[in-house]
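S.K.: Here is a sequence together with a model predicted from it:
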Amino acid sequence: MLVLGLETTCDETAASIVRRGGDGPGEILSNVVRAQVEEHAAFGGVVPEIAARAHVEALDGVLSAALSRAGVTLRDLDGVAAAAGPGLVGGVIVGLTAAKALAVVAEKPFIAVNHLEAHALTARLTDGIAFPYLLLLASGGHTQLLAVLGVGRYVRLGTTLDDALGEAFDKVAKMLDLGYPGGPEVERRAETGDPERFAFPRPMFGRAEPNFSLSGLKTAVRLEAERVAPLSAQDVDDLCASFQAAVADVVANRVRVAFRMFCERHGAPSAIVVAGGVAANGQIRRALQRVSSEMGARLVAPPLALCGDNGAMIAWAGAERLALGLEDDLSFAPRPRWPLDLAAAAPGAKA
Ligand code: ATP
Ligand code: MG
Ligand code: FE
């Protein structure tokens with residue numbers, strides 16, 4: 001089946017056509033992403049109103065490019081999917097409304113996709129892995145360790161008690177004047193830095209619950225930066241390298257704990273999977289590779305183009321849902337908050 005996916009929850013306007021044959025990996029026929037970097041650069045972060053307007057301006061072009069590169073028309077599709085949240089509501093409305101309109105015009109099923117579920121299922125698009133698997137979802141707004149039991153079936157093993165991993169990278173970048181988005185620049189500067197110059201804390205190390213806490217580490221970076229200031233280029237490189245080394249150590253430690261918890265509760269996972277923008281980080285990927293080898297597990301990390309936000313993951317999640325007969329009503333409203341795991345989705349539970 002062929003599904004069109006639209007992504008507009010944050011600062012990427014994206015559209016993609018994906019084919020799902022059956023079990024096994026999918027095929028990406030086109031994957032067009034227009035990132036809003038210049039729009040937000042001057043503000044050091046995403047400005048919701050600017051993002052929403054930029055989505056309106058970009059969506060037509062991105063959509064036509066996705067259809068023409070795939071060589072398909074609306075008639076060839078089996079469904080139209082859009083991310084309905086979580087994210088910035090102004091942007092979500094743009095993609096969601098467009099997808100509903102396309103579905104009506106083309107008389108195709110409409111699928112409202114949870115953006116986090118789309119990150120979570122990317123490993124099935126790329127590698128066709130079976131359920132259940134252990135997922136580290138590490139993006140700009142979320143950091144969770146989840147047992148992925150099936151489509152729509154997520155059990156949270158751990159979460160961050162404060163900042164998300166990507167958010168920590170972005171905040172460190174901001175305090176060091178490295179611009180936005182911060183993750184890739186921190187990683188680049190870390191390459192020429194000394195990871196042992198600053199002995200930053202490894203928060204939550206050894207704790208029995210696989211949770212994260214990153215705000216203390218972020219504060220430690222700020223205090224060292226203030227102590228050393230004025231910062232030379234080498235100081236900045238060393239701060240980045242020492243910060244990234246601490247993050248990679250913490251990630252490895254937390255995933256090890258989550259892996260054992262997963263095995264006790266659900267049996268052996270088919271793989272350890274990392275998803276979300278932070279999955280692009282080479283040092284974190286290498287740390288996860290070490291943990292996976294140690295545990296005798298397979299690591300699945302998406303190719304870099306599928307780590308950050310994209311339309312292919314939305315199209316794929318739509319196809320997975322459609323294959324199970326799940327489609328949505330045109331009255332489906334945007335969900336600025338939309339927790340993935342069952343526990344948090346229960347009435348009265350905190351996300
Ligand atoms: P969410 O998925 O939680 O709604 P989001 O969609 O904004 O948030 P993504 O687009 O998945 O998040 O990821 C963006 C985040 O990934 C940013 O915080 C960015 O700094 C981080 N990131 C991107 N590349 C790297 C890298 N190489 N190293 C570390 N972090 C990175
Ligand atoms: Mg983004
Ligand atoms: Fe995302």
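M.R.: Great, that's in hand. Ligands and ions are numbered 1, 2, ... in the order given.

S.K.: burial of L223, as a residue count?
M.R.: For L223, the count of nearby residues is 10 (other CB atoms under 10 Å). Backbone N, C-alpha and C define where each C-beta goes, glycine included.

S.K.: cool, and D249?
M.R.: Each residue near D249 was counted by other CB under 10 Å, and the total is 16.

S.K.: Local confidence estimate at it?
M.R.: D249 carries a pLDDT value of 98.

S.K.: My guess is it contacts P201. True?
M.R.: No. The pair D249 / P201 is not scored as a contact, 10.2 Å apart, by CB atoms under 8 Å.

S.K.: Quick one: the helices in the protein, in order.
M.R.: Per DSSP state H, the chain carries helices over the ranges 38-41, 48-70, 89-106, 115-127, 165-175, 182-190, 215-228, 233-266, 282-295, 311-323, 342-345.

S.K.: so which of those comes closest to V18?
M.R.: The closest of these to V18 is helix 311-323. By CB to CB, the value is 3.9 Å.

S.K.: Quick one: distance of the closest one to the chain centre.
M.R.: Here helix 311-323 is found 15 Å from its chain centre; the criterion is CA atoms, centre = their mean, to the nearest Å.

S.K.: between it and helix 115-127, what angle do the directions make?
M.R.: Put simply, helix 311-323 runs at 90 degrees to helix 115-127, going by axes from the mean of the first three to the mean of the last three CA atoms, to 10 degrees.

S.K.: Dump helix 311-323 to PDB, keeping only the CA atoms.
M.R.: Extracted in PDB, the C-alpha atoms of helix 311-323 (Å, rounded to 0.1, in the frame of the first residue of the first chain):
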ATOM      1  CA  GLY A 311       7.500  12.800   6.400                       C
ATOM      2  CA  ALA A 312       8.500   9.200   5.800                       C
ATOM      3  CA  MET A 313       8.100   8.200   9.400                       C
ATOM      4  CA  ILE A 314       4.600   9.700   9.400                       C
ATOM      5  CA  ALA A 315       3.700   7.900   6.100                       C
ATOM      6  CA  TRP A 316       5.000   4.700   7.500                       C
ATOM      7  CA  ALA A 317       3.200   5.000  10.800                       C
ATOM      8  CA  GLY A 318       0.000   5.700   8.800                       C
ATOM      9  CA  ALA A 319       0.600   2.600   6.700                       C
ATOM     10  CA  GLU A 320       1.100   0.500   9.800                       C
ATOM     11  CA  ARG A 321      -2.100   1.700  11.300                       C
ATOM     12  CA  LEU A 322      -4.000   1.400   8.000                       C
ATOM     13  CA  ALA A 323      -2.800  -2.200   7.600                       C
END
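
S.K.: State the mean pLDDT of it.
M.R.: For helix 311-323, mean pLDDT is 98.

S.K.: now swap in stretch 140-152 and tell me
M.R.: On average, the pLDDT along stretch 140-152 is 96.

S.K.: for that stretch, which positions count as buried?
M.R.: Using 16 or more other CB atoms under 10 Å as the test for burial, stretch 140-152 gives 140-148, 151.

S.K.: Of those residues, which belong to strands?
M.R.: With DSSP state E as the criterion, strands contain 143-148 from among the buried residues of stretch 140-152.

S.K.: Quick check: residues of this structure near ligand 1?
M.R.: Contact residues (CB under 6 Å from any ligand atom) of the chain with ligand 1: 9-10, 87, 115, 119, 139-142, 166-167, 169-170, 181-184, 187, 276-278, 280-281, 308-309.

S.K.: One more pass at 5 Å, please.
M.R.: The chain has residues 10, 139-142, 166, 169-170, 181-184, 187, 276-278, 280-281, 308-309 near ligand 1, with proximity defined as CB under 5 Å from any ligand atom.

S.K.: Same list, those residues, but only the ones touching ligand 3.
M.R.: Under the cut-off given by CB under 5 Å from the ion, ligand 3 has 139, 309 from the residues of the chain next to ligand 1 close to it.

S.K.: Quick check on the residue most central in space within the chain: phi, psi?
M.R.: The residue lying closest to the centre of the chain (CA atoms, centre = their mean) is G276, at 2.3 Å. Per-residue torsions, G276: phi 100, psi 170 (degrees, to the nearest 10).

S.K.: Tell me who's in contact with it.
M.R.: Each residue near G276 by CB atoms under 8 Å, 6 or more residues apart in numbering is listed here: 119, 137-140, 142, 166, 307.

S.K.: Out of those residues, flag the one nearest to W316.
M.R.: Taking CB to CB as the measure, W316 lies nearest H119 of these, at 10.6 Å.

S.K.: Near that closest one, how many other residues are there?
M.R.: There are 30 residues near H119, going by other CB under 10 Å.

S.K.: What pLDDT is listed against the residue nearest to it when sequence neighbours are not counted?
M.R.: Excluding the flanking residues, the one nearest H119 by CB to CB, 6 or more residues apart in numbering is A275, at 4.3 Å. Per-residue pLDDT puts A275 at 97.
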